[in-house]
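Asker: give me a 3D structure for the following:
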Amino acid sequence: MDLKELFDKIEENIDKKITLTGWIKNHRKQKEFGFIDFSDGTCFKHIQIVYDNNISNFEEIQKLHVGCAIKITGTLKKSLGAGQDYEVVLESYKLEGDCPEDYPIQPKRHSMEFLREQAYLRPRTNTFQAVFRVRSMAAFAIHKYFQENGYIYVNTPLITTADCEGENQMFKITTLDLNNPPKLQDGKVDMLADLFKKQAYITGTGQLHGEAFALAFKKIYTFGPTFRTENSNTKTHANEFWMIEPEIAFCDLNDLMDIEEDMLKYIVKYILDNCSEEITFFDKFIQKGIKEKLEKLVNSKFKRITHHEAIDILKQANIKWEFEPNYEDDIAKEHEKYITEYFNTPVFITTWPKDIKAWYMKLNEDNKTVAAVDLEVPGIGELMGGSQREENYDKLLERIKEMKIDYNSVDWFCNLRKYGGCYHSGFGLGFERLIMYLTGIENIRDVIPFPRTPGNCDF
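Answerer: Next comes the predicted model:
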């Protein structure tokens with residue numbers, strides 16, 4: 001029996017003999033009895049195993065260490081002690097896997113930095129049990145939302161020759177001998193000798209390929225790993241992360257914001273409804289008030305302003321900014337924080353200067369801005385970024401030339417505009433940033449099982 005199954009049918013099993021398999025989280029030993037804090041990972045709850053010196057192998061049981069894997073058989077009882085409602089009175093046990101006394105995950109508070117050094121063991125701690133269960137449930141909620149709303153799930157390629165994010169942002173891959181690559185007469189590497197006969201990358205987005213499917217299925221989404229070479233050591237950046245990227249045909253920017261708001265509220269409510277114990281834990285130990293924050297988001301109406309209006313608000317604020325707000329520039333973290341606090345709700349910022357946004361975004365009639373949108377949420381800043389895509393073939397070609405994009409790598413993408421193209425939009429949601437928002441965890445390294453960041457590719 002699993003603990004989840006047991007707790008789901010707890011009253012039916014009172015005074016019954018049960019068998020459980022799992023791990024010792026803590027072992028409190030006294031002269032005539034002992035208490036084992038037991039977990040099997042199937043739910044956030046633990047259960048207490050109690051025994052006394054009437055059991056035949058009492059001294060042997062007292063030698064069991066924290067971290068041991070055991071199989072126990074005993075009778076479920078309502079607990080007379082404080083701290084738990086139920087306990088199992090031990091009758092027999094089997095040691096499945098011993099654990100030494102220097103086991104790193106002892107029953108005490110460990111720093112996040114220490115646990116990153118023990119990334120292969122940290123899923124056994126309460127914090128990471130909660131984080132990764134929420135991550136799992138959030139992934140399910142995302143699929144559930146899109147499937148219930150008629151979207152097709154598309155697996156876009158991880159290996160691509162499309163220069164989607166700018167080649168300086170993408171990992172290059174090759175099968176050539178880097179110590180002795182074949183070269184042309186001009187000294188350049190002969191890419192025709194490589195596996196794909198041209199420069200290939202690990203993808204930075206599934207968007208371009210997703211658009212091809214959106215113009216066939218109308219509504220699609222991708223959900224998978226993406227990779228960026230950005231040498232950034234902030235709390236919100238990683239070189240490998242997961243993205244959710246819907247693309248929708250016959251959808252303008254206002255429609256897109258409606259979808260973003262509806263989807264985010266759905267996911268947050270799903271987590272509140274299905275991870276209540278984990279959210280209570282985060283509220284107590286990670287971020288005070290997080291439950292109230294999430295409930296407020298579900299019941300709020302998101303604000304919509306333009307980039308120009310956002311800069312107006314920032315300039316009128318009686319604050320000495322580290323980065324002075326500018327109508328031609330992106331907004332900084334301090335600006336994002338101020339804007340969400342100013343409106344006391346999530347905020348969509350639209351109509352961005354074209355020079356700071358991607359080449360595939362729809363150019364507005366002023367020829368200065370694009371139909372882009374970022375969603376800023378309290379406490380974390382930018383959570384989603386999207387746009388209406390440029391559906392005009394000639395305007396797209398002009399932007400490609402302006403941004404010095406290799407046309408040969410995206411010619412097929414441009415052709416989508418010629419072959420029954422239509423207005424369409426899409427956005428990207430960084431999955432890890434969503435998990436940070438849902439859990440209150442401040443560092444992206446602590447919501448990814450094995451983080452890949454500059455200088456860190458351990459495990």
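
Asker: not counting sequence-adjacent ones, nearest residue to residue 381?
Answerer: In space, and not counting its chain neighbours, residue 381 is closest to residue 336: 3.8 Å by C-beta to C-beta, 6 or more residues apart in numbering. Any C-beta I mention is one placed from the backbone N, CA and C, and that applies to glycine too.

Asker: okay, that neighbour: pLDDT?
Answerer: We note a pLDDT of 95 for residue 336 in this prediction.

Asker: tell me the secondary structure at it.
Answerer: helix (DSSP: H, G, I helix; E, B strand; the rest coil).

Asker: was I right to think it contacts residue 376?
Answerer: Yes - taking contacts as C-beta atoms under 8 Å, residue 336 lies within contact range of residue 376: 4.8 Å.

Asker: joint contacts of these two?
Answerer: Here residue 336 and residue 376 have residue 382 as joint contacts, going by C-beta atoms under 8 Å, 6 or more residues apart in numbering.

Asker: now the host helix or strand of residue 60: average pLDDT?
Answerer: With secondary structure defined by DSSP states H and E, residue 60 is part of helix 58-62. Averaging pLDDT along helix 58-62 yields 96.

Asker: gap between the helix or strand following that helix and the chain center?
Answerer: Once the chain leaves helix 58-62, the next helix or strand it forms, by DSSP H and E, is strand 69-78. Chain-centre distance of strand 69-78: 36 Å, with C-alpha atoms, centre = their mean, to the nearest Å.

Asker: contact partners of strand 69-78?
Answerer: 6, 10, 13-24, 38, 49, 64, 85-97, 99.

Asker: who does that strand pair up with?
Answerer: Taking DSSP bridges as the criterion, strand 69-78 forms sheet pairs with strand 17-29 (antiparallel), strand 86-97 (antiparallel).

Asker: can you tell which of the ones you listed is closest to residue 261?
Answerer: strand 17-29 (40.2 Å; C-beta to C-beta).

Asker: what are the buried residues along that closest one?
Answerer: Within strand 17-29, the residues that count as buried by 16 or more other C-beta atoms under 10 Å are 20, 22-25, 27.

Asker: widest-spaced pair of those residues?
Answerer: The most distant members of the buried residues of strand 17-29, if one measures by C-beta to C-beta, are 20 and 27, lying 15.5 Å apart.

Asker: sticking with the residue nearest to residue 353 when sequence neighbours are not counted, tell me its helix or strand.
Answerer: Distances taken as C-beta to C-beta, 6+ apart put residue 328 closest to residue 353, at 5.3 Å, once the chain neighbours are dropped. Applying DSSP H and E as the criterion places residue 328 outside every helix and strand.

Asker: re the thing from before, ok, and what's touching the helix holding residue 60?
Answerer: In contact with helix 58-62 (C-beta under 8 Å, 6+ apart) are residues 29, 34, 51-52, 55, 90, 93.

Asker: in it, which residues are buried?
Answerer: Neighbour count says helix 58-62 has residue 61 buried, by 16+ other C-beta under 10 Å.

Asker: next one: that helix to chain centre, how far?
Answerer: The answer for helix 58-62 is 43 Å, by C-alpha atoms, centre = their mean.

Asker: which of the contacts of strand 69-78 count as buried?
Answerer: Buried among those by 16+ other C-beta under 10 Å: 6, 13, 20, 22-24, 38, 49, 64, 86-88, 90, 93, 99.

Asker: and the furthest pair within these?
Answerer: 13 and 99 (28.2 Å).
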